[in-house]
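[1] Prediction below, plus the sequence it came from.
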Amino acid sequence: MAYRKNSIHVKETSINTFDDSMFTRVKRFSLFSENLSTKRGQNCQMLKIIGLVIIPIIAMVIENAIKISKDEEKLSEEKKVRGKISFSVEIGLLVHYIQIERGTTALYISSGGSPLVLTNLQTNRLKTDSSLDSLNDWITLSSPSQFRSRDAYRVHLRTYRYNLDSINTTINAVIKFYSNDNALIIGWVGSTVKESNSETLWQSLTAYHMLLLSKEEAGIERALGSTFYARVDTNAVLFLEGSFPLEDLLWYTEKKTLGETYLLRSMQYSDSVKKLLDEQYTYTILATELNNMRQQISINNATSASVVAGLVWFENMTSYINILKTIQDNLAKEIVVSLNNNLSQHEMDVRISIFIVVGAIVMFPVIVVLVYRLNKKLQLFANSLKNKTYDLEQERKRSEQLLYQMLPVSIAKQMIKNKPIEPEYFESVTVYFSDIVGFTTICSKSSPMQVIYMLNALYSVIDERIELFDVYKVETIGDAYMMVSGLPVRNSDQHASEIALMSLDILEIVSQSVIPHIPGEKWQIRIGINTGSVVAGVVGTKMPRYCLFGNTVNVASRMESTSKPSMIHISPSTKIALEQHTGFLVEQRGETIIKVDLESPQLRLGRRRHGRMDTEVY
């Protein structure tokens, strides 16, 4: 089935054009303007995908490397702080014994060189020296000169002890000598606390520093209190009633107040300080006795002065300071434990970060290879899918072409879109029928396979010729062949002439053809034509057929059945249609002329070739 004027034109799509349409959306968002159907485009796409995988890995490695660097730096700082805190515990023991030596020396001076006090002083000096020798390190102070090294400080202490004169040395001078050294040492510990930027330990470190300051002030208070109870008149070598000059009383009050204030601040920063102080001191007999003696010193009134009373005060204050020392050591241990925990956590973080970096570096080539292989598989799958899609598209087009051969194009398109096909009335069309003369006799001489080959050869020739005319092939049933012009696309009043010209052409072609399996015997067909109205529509859903209904079809069939071999039998309605459309000269195509005898009741069709007229009349 085909149309001369309304032929089917399906735009063929090449492989490259098809690929471009498939990947239009991909190219629109592509960083590189490459066609993914080419090798270069696929490589660019692969590089982009690998790049997207590599970038997070590189970022992770860089991030963890920076984190490792920061953690290592923080770890180093915390190790330094831990070392300094640990050393501050050792140096705190030295400060403790210096404080005891300071108080004993002040008591020795205030007692006028009492042999009883001297024995205690010598014992305390040995403890100070032993504490100094047991230090694993030394404080980092460049001035004054006695702190430049441990040996220098040892010489500094021994020189002072050797030159100490119990008669000419004042108590204030003794207290200031030892207090100045302790102030520098405690100041170094305070700087260590300031250098620590720990978010979790700053309160404990501050409490530790406040406790050191409170302990130092308590040591000075102990030394001054000793002089209150054991002051003597150096000229008469007699003990006087215990009392303070106003200047010493103010000094004592200042140190007592500072000691209590620092201790209060330490308890505010650390609950453990308050807890231990309450357990070991606040509600003890020592606290009661010490408070009574402090109150006695504060009112600056004592019944009598004696070395024994001074030693009692000294021992009570030493016990109090020892309690503070115990609390200080416990607090230091808590700080060290917390630092160790933080260090362990940071070391674990560093190990994890290193493991992640090493794992990322090791996995980097593996991931790249896996991504490369995966992308290769995806590309192969995409190419396969592209080819399958192209094949499917071609099959769809072939299916549509086949459907267009079975049904009119307009009807086929409606069926593809699942639109209902309504029957249509055509006022004037021309219907063609033809069959083979002697078909039954020919079949009796032929096998079924030969019949099929025979009909296929004949109708293939006819199908090829009707491409030149505006006709629609309706169907073939056995040797019968049915065509129509004027539908499904109306062609005004040209349908009669189109069928007539096509009939002449078919007669000429068929008369020159021979039966394939019967040499020497030519085909003969008879043709019937009728013009009139019909109703056309699609019948059925499986193997649908475009069928014509009406009396026009029946008359055309009878015209064919009553025709003669190699003749065209037309109805009066067809004759009238030809006369109205063509007049005397219907049409000239090449060397063939069709004439109509207007005086005859029947149509005369003639053919003239090379000046010779062959007339066929019916």
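    On my side now, so go ahead.

[2] Can you tell me the number of residues neighbouring the nearest residue to Gln512 once chain neighbours are set aside?
    Distances taken as Cβ to Cβ, 6 or more residues apart in numbering place Lys522 nearest to Gln512, at 7.7 Å, with adjacent residues excluded. Backbone N, C-alpha and C define where each C-beta goes, glycine included. When neighbours are defined as other Cβ atoms under 10 Å, Lys522 has 12 of them.

[3] OK, contacts around Lys522?
    For Lys522, the residues meeting the contact criterion (Cβ atoms under 8 Å, 6 or more residues apart in numbering) are 511-515.

[4] Next step: these restricted to helices.
    Residues from the contacts of Lys522 lying in helices, with DSSP state H as the criterion: Ser511.

[5] Kindly reformat the contacts of Lys522 as TSV containing distance to His209.
    Output for the contacts of Lys522, formatted as TSV (distance: Cβ to Cβ, whole Å):
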residue	distance to His209
Ser511	128
Gln512	125
Ser513	123
Val514	126
Ile515	125
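
[6] And the contacts of Lys522, which is closest to Lys397?
    Relative to Lys397, the closest of the contacts of Lys522 is Ser513; by Cβ to Cβ it sits at 32.5 Å.

[7] residue ranges with poor pLDDT in the stretch 201-350 of the chain?
    When residues are selected by pLDDT under 70, those of the stretch 201-350 of the chain lie in 230-243, 301-305.

[8] what are the ranges of the strands in it?
    In chain order, the stretch 201-350 of the chain shows strands spanning 232-233, 238-239, with DSSP state E, counting those that start in this stretch as the criterion.

[9] ok, and for stretch 41-61, which residues are buried?
    Buried positions in stretch 41-61, judged by neighbour count with 16 or more other Cβ atoms under 10 Å: 41-42, 44-46, 50, 53, 61.

[10] Pipe those into JSON lines and attach distance to Ile527 per row.
    Output for the buried residues of stretch 41-61, formatted as JSON lines (distance: Cβ to Cβ, whole Å):
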{"residue": "Gly41", "distance to Ile527": "60"}
{"residue": "Gln42", "distance to Ile527": "61"}
{"residue": "Cys44", "distance to Ile527": "66"}
{"residue": "Gln45", "distance to Ile527": "64"}
{"residue": "Met46", "distance to Ile527": "67"}
{"residue": "Ile50", "distance to Ile527": "73"}
{"residue": "Val53", "distance to Ile527": "75"}
{"residue": "Val61", "distance to Ile527": "88"}
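
[11] now these in TSV, with secondary structure, pLDDT and distance to Trp138?
    Formatted as TSV, those follow (DSSP: H, G, I helix; E, B strand; the rest coil; pLDDT from 0 to 100; distance: Cβ to Cβ, whole Å):
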residue	secondary structure	pLDDT	distance to Trp138
Gly41	helix	73	73
Gln42	helix	71	71
Cys44	helix	79	67
Gln45	helix	75	68
Met46	helix	75	65
Ile50	helix	77	59
Val53	helix	75	56
Val61	helix	81	43
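
[12] tell me the two of the residues you listed that are most distant?
    When the buried residues of stretch 41-61 are compared pair by pair using Cβ to Cβ, the two farthest from each other are Gly41 and Val61, 30.3 Å apart.

[13] burial of Met405, as a residue count?
    I think there's a mix-up here, since residue 405 is Gln and not Met. By other Cβ under 10 Å, the residues close to Gln405 number 14.

[14] Secondary structure element for it, which one?
    Counting by DSSP states H and E, the element that carries Gln405 is helix 307-406.

[15] Can you name the next helix or strand after that helix?
    The C-terminal neighbour of helix 307-406 among helices and strands, as given by DSSP H and E, is helix 409-416.

[16] mean confidence for that following helix?
    When pLDDT is averaged over helix 409-416, the result is 76.

[17] Now do the buried residues in it.
    Under the neighbour-count criterion of 16+ other Cβ under 10 Å, helix 409-416 has 409, 411-412, 414 buried.

[18] Ok, stretch 316-334 next?
    For stretch 316-334, burial by neighbour count (16+ other Cβ under 10 Å) applies to 316-318, 320-321, 323-325, 327-328, 331-332, 334.

[19] same check, this time on stretch 118-127
    Of the residues in stretch 118-127, those buried under the neighbour-count criterion (16+ other Cβ under 10 Å) are 120-121, 124-125, 127.

[20] So which of these is the closest to Thr227?
    Proximity of those to Thr227 was ranked by Cβ to Cβ; the top entry is Leu121 with 14.5 Å.

[21] Kindly report the domain assignment for the protein.
    According to the TED database, the chain is divided into the following domains: 65-231+241-356, 418-580.

[22] distance between the ends of the longest one?
    Spelled out, that is domain 65-231+241-356. One end of domain 65-231+241-356 sits 10 Å from the other (Cα to Cα, to the nearest Å).

[23] which stretches of this structure aren't confidently modelled?
    Answering for the chain: the residues below the bar, that is pLDDT under 70, span 1-37, 192-200, 230-243, 301-305, 582-618.

[24] Longest strand in it, please.
    The strand spanning the most residues in the chain, taking DSSP state E as the definition, is strand 525-539.

[25] partners of the helix or strand just after it, with directions?
    Using DSSP H and E, the helix or strand that follows strand 525-539 towards the C-terminus is strand 545-549. In its sheet, strand 545-549 lies beside strand 525-539 (antiparallel), with partners assigned from DSSP bridges.

[26] what comes up buried for the strand it pairs with?
    Buried residues in strand 525-539 (16+ other Cβ under 10 Å): 525-532, 534, 536-538.

[27] of all those residues, which comes closest to Thr261?
    Closest to Thr261 out of the buried residues of strand 525-539 is Val538 (109.2 Å), distances taken as Cβ to Cβ.
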